[in-house]
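J.: need the 3D shape of this:
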Amino acid sequence: MIASDFLYFHALSLPEVHISVLSLIRRCSCLMPFAAGAWLFGDVNLRPKTLALLAILAGVAVIALS
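T.: Residues are numbered from 1 along each chain as shown. From the prediction side, this is the model:
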């Protein structure tokens, strides 16, 4: 977590980085923990988490298309 925050803030300090693209990448980072929880740990509460994930991805799509 500390390394990811460091890399995120370092990327923000670079002048050629587009913040909108960086924000989309950061928001999509919830895909891996969702997949790990479902597959590796056998999470049983997938329906509400799937709906939340779909809402996040819909927001990312809206931002990406605008």
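J.: show me the helices in this protein, by range?
T.: Using DSSP state H, the helices of the chain run over 2-13, 19-27, 31-39, 46-65.
J.: now the first one: buried residues?
T.: This means helix 2-13. By 16 or more other C-beta atoms under 10 Å, helix 2-13 has no buried positions at all. Placement of C-beta: from N, CA and C, glycine included.
J.: from the contact counts, what lies against that helix?
T.: In terms of contacts (3 or more C-beta pairs under 8 Å, 6 or more residues apart in numbering; DSSP states H and E), helix 2-13 is packed against helix 19-27.
J.: the helix it packs on to helix 2-13, inter-axis angle?
T.: Helix 19-27 and helix 2-13 meet at an angle of 170 degrees, taking axes from the mean of the first three to the mean of the last three C-alpha atoms, to 10 degrees as the criterion.
J.: quick one on the thing from earlier: reformat the helices of the chain as a markdown table; add mean pLDDT.
T.: Listed next are those as a markdown table, based on pLDDT from 0 to 100:
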| stretch | mean pLDDT |
| --- | --- |
| helix 2-13 | 83 |
| helix 19-27 | 82 |
| helix 31-39 | 88 |
| helix 46-65 | 90 |
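J.: state the distance from the residue sitting furthest away from the middle of the chain to M32.
T.: Centroid-distance maximum for the chain: P15 at 22.4 Å, with C-alpha atoms, centre = their mean. Separation of P15 from M32 (C-beta to C-beta, to the nearest Å): 29 Å.
J.: same deal with H18?
T.: 22 Å.
J.: and for F41?
T.: Going from F41 to M32 by C-beta to C-beta gives 13 Å.
J.: and if you look at L65?
T.: 23 Å.
J.: who's in contact with L53?
T.: C30, L31, F34 (C-beta atoms under 8 Å, 6 or more residues apart in numbering).
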